[in-house]
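> predicted structure and sequence below. I'll ask about it afterward.
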Amino acid sequence: MDGQRPEATGVHVSEADAQRQGITQMTGLEAETRLAYARFGEREARGNSPLYEEVSGAIARDDTLLARIETLPAAKRQPNLVLGAARYLNAPETGADAFVTWMVEHWDAVERVVRGRATQTNEAGRCATLLPFVVEAAQGRPIALVEVGCSAGLALFPDLYAYRFDAADGVADRVGAGSPELATAVSGAQFDLPMGLPLVAWRGGLDLNPLDVLSDSAKARDNARWLEALVWPGQTTRAERLRGCLATVRGHLGTHPGERPVVVRGDVVDDLDELLRQVPDELPLVLFHSAVLAYTDAATRAEFADRMREIASRPGGFTWISNEGPGVMPGIAETVPEGVEVPAGRFVLAVDGVARALVGPHGQAMEFLAG
């Protein structure tokens with residue numbers, strides 16, 4: 001689980017439902033809190049954040065802290081949110097014991113942040129794996145770009161960044177002259193990389209709790225600090241990328257204020273049409289989502305997929321790009337070519353319901369699928 005918008009629709013998946021659906025990114029949402037933290041440390045933090053691995057294990061053994069975490073609503077107990085709140089409040093990162101002791105001593109402050117915030121890791125690094133398919137959908141035309149689960153909206157500006165596509169035998173391609181450079185390792189029997197950037201004429205987003213980090217205000221700066229607190233300790237590249245993307249988009253909007261995205265606060269199904277009504281009819285619409293639908297129940301995911309098929313007949317044209325864990329979206333897993341196994345921790349990137357690539361959850365790798 002990457003911590004993206006666990007309240008994207010206000011509906012959460014039980015562990016049993018996650019297993020039935022083949023979802024692998026759901027650790028941290030188990031009903032039993034001790035199990036949630038133990039598994040988070042063993043399955044997610046291990047190899048990604050040594051401090052979080054140690055802290056999660058220590059919390060799973062600390063009855064006092066577990067009891068306090070269990071006073072939170074179930075959806076607020078997940079490790080990404082609780083640990084992110086502690087980091088936001090400057091918990092010491094000198095070791096697991098110091099971190100956990102500080103959390104016990106400062107629990108009231110941690111609880112206030114947890115209850116008032118949500119996990120919204122706005123990982124713009126995913127733009128590297130989305131880019132080839134956005135460019136393919138655009139076909140050289142100006143497009144309307146919409147993200148469901150947009151959080152702070154940094155992924156709505158793929159045209160502002162630079163990209164490096166690394167193959168096993170060296171750099172396969174570079175695209176764009178912006179900043180920062182977003183890199184991904186590419187593989188697959190056959191793949192075509194984009195030779196340019198999309199021309200985005202209109203941008204929009206939908207989120208249950210959209211986060212303003214782009215305004216020149218104290219609140220926006222505080223929200224940006226919250227996003228950085230959600231980056232796991234030790235992941236300096238991700239933190240630097242976040243700061244770089246923030247600086248780039250803020251600078252661009254300072255000179256192009258008319259390009260600020262149209263953002264609607266709401267549910268992925270119930271409020272989607274409110275946003276889509278504002279999309280200019282003449283523009284081809286490219287709609288994408290990443291690590292969002294896994295946090296809804298099976299009925300919501302099916303309803304969302306049905307809505308995507310309905311929009312396909314839109315006069316201006318429509319492309320749906322889904323970037324979720326295997327088994328999250330109905331029917332997509334069945335389109336992975338026969339004999340191809342989805343490695344643990346990989347997302348399935350699909351275009352119009354058909355799997356096209358297996359990608360890293362933060363955009364760090366992309367294996368193109370044949371066909």
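Great, that's in hand. Bear in mind that the values here come from a model prediction, so they are computed numbers and not experimental data.
> residues in contact with the residue nearest to residue 150 when sequence neighbours are not counted?
Nearest non-adjacent residue to residue 150, counting by Cβ to Cβ, 6 or more residues apart in numbering: residue 205, 2.7 Å away. Bear in mind the C-beta positions are built from the backbone N, C-alpha and C, glycine included. Applying Cβ atoms under 8 Å, 6 or more residues apart in numbering to residue 205 gives the contacts 146-148, 150, 153, 156, 261-264, 275.
> which of the residues you listed fall in helices?
residue 275 (DSSP state H).
> now, of the contacts of residue 205, which are buried?
Among these, the ones that count as buried by 16 or more other Cβ atoms under 10 Å are 146-148, 150, 153, 156, 261, 263-264, 275.
> just name the closest of those to residue 229, please.
For those, the residue nearest residue 229 by Cβ to Cβ is residue 153; the value is 18.4 Å.
> wait, that closest one sits on residue 264?
No. Using Cβ atoms under 8 Å, residue 153 is not in contact with residue 264, being 11.7 Å away.
> which neighbours do those two have in common?
Common neighbours of residue 153 and residue 264 (Cβ under 8 Å, 6+ apart) are 205, 210.
> which stretch of helix or strand covers residue 37?
Element membership for residue 37 (DSSP states H and E) is helix 33-39.
> could you chop this protein up by domain?
Using automatic domain parsing, the domains assigned to the chain come out as 32-116, 124-368.
> in TSV, list those domains along with mean pLDDT.
Formatted as TSV, those follow (pLDDT from 0 to 100):
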stretch	mean pLDDT
domain 32-116	95
domain 124-368	92
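> against which helices or strands is the top helix by length along the chain packed?
As assigned by DSSP H, the longest helix anywhere in the chain is helix 236-255. Packing contacts for helix 236-255, counted by 3 or more Cβ pairs under 8 Å, 6 or more residues apart in numbering; DSSP states H and E, involve helix 218-229.
> contact partners of the helix it packs on?
Residues contacting helix 218-229 (Cβ under 8 Å, 6+ apart): 84-85, 87-88, 117, 120-122, 152, 211-214, 239, 242-243, 246.
> mind listing the strands for the stretch 251-371 of the chain?
Listed in chain order, the strands found in the stretch 251-371 of the chain under DSSP state E, counting those that start in this stretch are 262-265, 285-290, 318-324, 347-351, 354-359, 365-368.
> got the CA coordinates for the second one in PDB?
Extracted C-alpha coordinates of strand 285-290, given in PDB (Å, rounded to 0.1, in the frame of the first residue of the first chain):
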ATOM      1  CA  LEU A 285     -10.500  13.600 -22.800                       C
ATOM      2  CA  VAL A 286      -7.700  11.500 -21.100                       C
ATOM      3  CA  LEU A 287      -8.800  10.300 -17.700                       C
ATOM      4  CA  PHE A 288      -6.400   8.500 -15.400                       C
ATOM      5  CA  HIS A 289      -6.200   7.200 -11.800                       C
ATOM      6  CA  SER A 290      -3.300   5.600  -9.800                       C
END
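> pull out the buried positions in it.
Residues 285-290 are the ones in strand 285-290 that count as buried (16+ other Cβ under 10 Å).
> run the angle between the longest helix of the chain and helix 218-229 for me.
Between helix 236-255 and helix 218-229, the angle comes out at 160 degrees (axes from the mean of the first three to the mean of the last three Cα atoms, to 10 degrees).
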